[in-house]
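>>> Generate coordinates for the sequence data below:
(chains A and B)
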Amino acid sequence: MEWKSDWGLRGRMVLTMFLLFALYIVFVAVLWEFTGSLLLIVLTMGLFSLGQFFFSDRLALYSMGARTVEEDEYPRLHAMVGRLSQQADLPKPKVAVADSNVPNAFATGRSRKNSAVCVTTGLLRTLDEDELEGVLAHELAHVKNRDVAVMTIASFLSTLAFMVVRWGWLFGGGRDRQGGGGGVLVAILVSLVVWIVSFLLIRALSRYREFAADRGGAMITGKPSALASALLKIDGRMDRVPDRDMREQAEMNAFFIIPIRSGIVGKLFSTHPSTEKRVERLRDLEREMETV
Amino acid sequence: MGLFDTIRSVFGTSAEADATRDADPEDLFGMSTAYLTMEAELDFRPLGTAALCFSSVDSTDFADTVDEVEAILHAGEEETGTGFRRHRDDHGYHWVVLDDDDPEDLVTSVHFAADTFVEQGYGSRLLAAVFGFERDGQRAYWIYSFRRGAYYPFAPAGDHERDQRLEFKLETVLDGELDVEDDEGYWYPLWPDAPGGHPWN
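Here you go, the predicted structure:
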């Protein structure tokens, strides 16, 4: 059987990236035009991001309190990741487990060779074999699609814009020979707009990448319904966990399989599409399989 | 990393593209001569068993395909005397296990089964074809990875340990004859369900 390609999803993804790219070009042009000194920040930030990118796998695992586990500690988990990687044509990533009651999983690493998939002990307790396989395949699809790299590149200048908004006034004070205080003010205002718009675009991109990983994961396992039922199960559990964990883990949201929602966050601001939408799309895939 | 792969990453479709990429069962015929080399150069005798590992799809159409493969192999059983059985391992993966003292017949049957999957549009569900060898109680396997389109050696030693020296030796001797996977990151082990067993039981 042949799967139908989701051209709508691809179109939206490319449009989002294009808009983001265009926005960034305008941003860099404005910085260049109005301030010379701010470009220093660009360089510093560039180095900083590079370092972060390089250590991202260890940073993410460390901040989650996750530990890389060996094959003899979690033989079944390792075997599962191994088989799924084989089906996805990936070298087997490192496997990590975080001791947390919140059922969740994430993938990290700058490249396919330096990646890790992490699951929480809560996830291992909550899901059955098929569902766990579905979630792991979703994470492997993230690795396969290089989502950490894509999102890091997409967010780089947005983070920079934020830094300018926050610290740009330090460069005001009239000592700037090229543009003076006025130039810096323009730079700060433009940065503010760039930051807000790019933030929304990045969130949209993140949601599209989730849909793509759901599709990829479902095709790796051949069981879209298993991932759907896992999502429903995890989502149901999310409301009942104590919120201390939620705040601790808020930063990692972007790479979680289901984000931890803090209060009422608008659709535009969330990194993940709603569980209903994801389940709906997985059901479409399931139907496609039966009606070839 | 090729250009197309980069583009697919940007589109977020690498995972689906590679998970659904079709297999090329013609590579399996390379095993015919490899059987001879294994015995002539390394004293590894054929185990008389080969197997095909696949992961299922949750659909009736796929179940029909598996039935068709079984029917074909049953017919072959009467013709060439190649024994055949089905096995589901502890990880939920499925196996078609074939027994025949003639390696030539084994390769033909494995190819026949694989080809049927490909023809029904399920080539992407084929994980591996495994060919068994033995030398003084030491077992070794050549595994063909349908996803990579390449072979790699697998020499289990004890419980979840690999005899890497032997694996590299097999690679050195058979390289050129078989298309050997050069990135060892893709030499996935296929552990038997119980220590001392074969990957297919």
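
>>> only C-alpha atoms for contact and neighbour calcs from this point on.
Fine.

>>> Run a quick neighbour tally on residue 52.
As the question left the chain open, I've gone with chain A. The burial count assigned to residue A:52 is 15, neighbours taken as other CA atoms under 10 Å in any protein chain shown.

>>> Wait, chain B was what I had in mind.
The number of residues packed near residue B:52 is 24, by other CA under 10 Å.

>>> Please settle this for me: is it part of a helix?
No - the assignment for residue B:52 by DSSP: H, G, I helix; E, B strand; the rest coil gives strand, which leaves it out of any helix.

>>> what's the closest non-adjacent residue to it?
Across the structure, with CA to CA, 6 or more residues apart in numbering or on different chains as the measure, the residue nearest residue B:52 apart from its sequence neighbours is residue B:129 (4.4 Å).

>>> ok, now which ones touch that neighbour?
B:50, B:51, B:52, B:53, B:110, B:143, B:144, B:145, B:146 (CA atoms under 8 Å, 6 or more residues apart in numbering or on different chains).

>>> partners of it in the sheet?
Taking DSSP bridges as the rule, residue B:129 bridges to residue B:52, residue B:144.

>>> at contact distance from chain A, anything in stretch B:149-157?
No - using CA under 8 Å from any CA of the partner chain, stretch B:149-157 stays clear of chain A, coming no nearer than 10.3 Å.

>>> Please save the CA atoms from that stretch in CSV.
In CSV, the C-alpha atoms belonging to stretch B:149-157 read as follows (Å, rounded to 0.1, in the frame of the first residue of the first chain):
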residue,chain,number,x,y,z
GLY,B,149,20.0,-2.6,1.6
ALA,B,150,23.1,-4.2,3.1
TYR,B,151,24.4,-7.2,5.1
TYR,B,152,26.1,-7.3,8.4
PRO,B,153,27.4,-10.1,10.6
PHE,B,154,26.0,-11.0,14.0
ALA,B,155,27.9,-13.4,16.3
PRO,B,156,26.1,-13.7,19.7
ALA,B,157,28.2,-15.0,22.5
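
>>> Name the residues of that stretch that are buried.
Applying a neighbour-count criterion of 16 or more other CA atoms under 10 Å in any protein chain shown, the buried positions in stretch B:149-157 are B:149, B:150, B:151, B:152, B:153, B:154, B:155, B:156.

>>> Let me have the residues you listed in TSV, extended by distance to residue A:161 and pLDDT.
Listed next are the buried residues of stretch B:149-157 as TSV, based on distance: CA to CA, whole Å; pLDDT from 0 to 100:
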residue	distance to residue A:161	pLDDT
B:149	46	91
B:150	47	93
B:151	50	95
B:152	49	95
B:153	52	96
B:154	52	95
B:155	55	94
B:156	55	91
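
>>> what's downstream of the lengthiest helix in chain B, the next helix or strand?
Within chain B, and with DSSP state H defining each element, the longest helix by residue count is helix B:60-80. In the C-terminal direction, the helix or strand that comes right after helix B:60-80 (DSSP states H and E) is strand B:83-88.

>>> Please identify the pairing partners of that next one and their relative orientation?
Based on DSSP bridges, the strands next to strand B:83-88 in the sheet, each with its direction, are strand B:94-99 (antiparallel).

>>> Now tell me what touches the helix or strand following the strand it pairs with from outside.
Sequence-wise, the next helix or strand beyond strand B:94-99 is helix B:103-119, with elements assigned using DSSP H and E. Outside of helix B:103-119, the residues that reach it under the criterion CA under 8 Å, 6+ apart are B:22-23, B:25-26, B:28-29, B:31-32, B:35, B:46, B:48-52, B:65-66, B:68-69, B:72-73, B:76, B:80, B:82, B:98-100, B:123-124, B:126, B:129.
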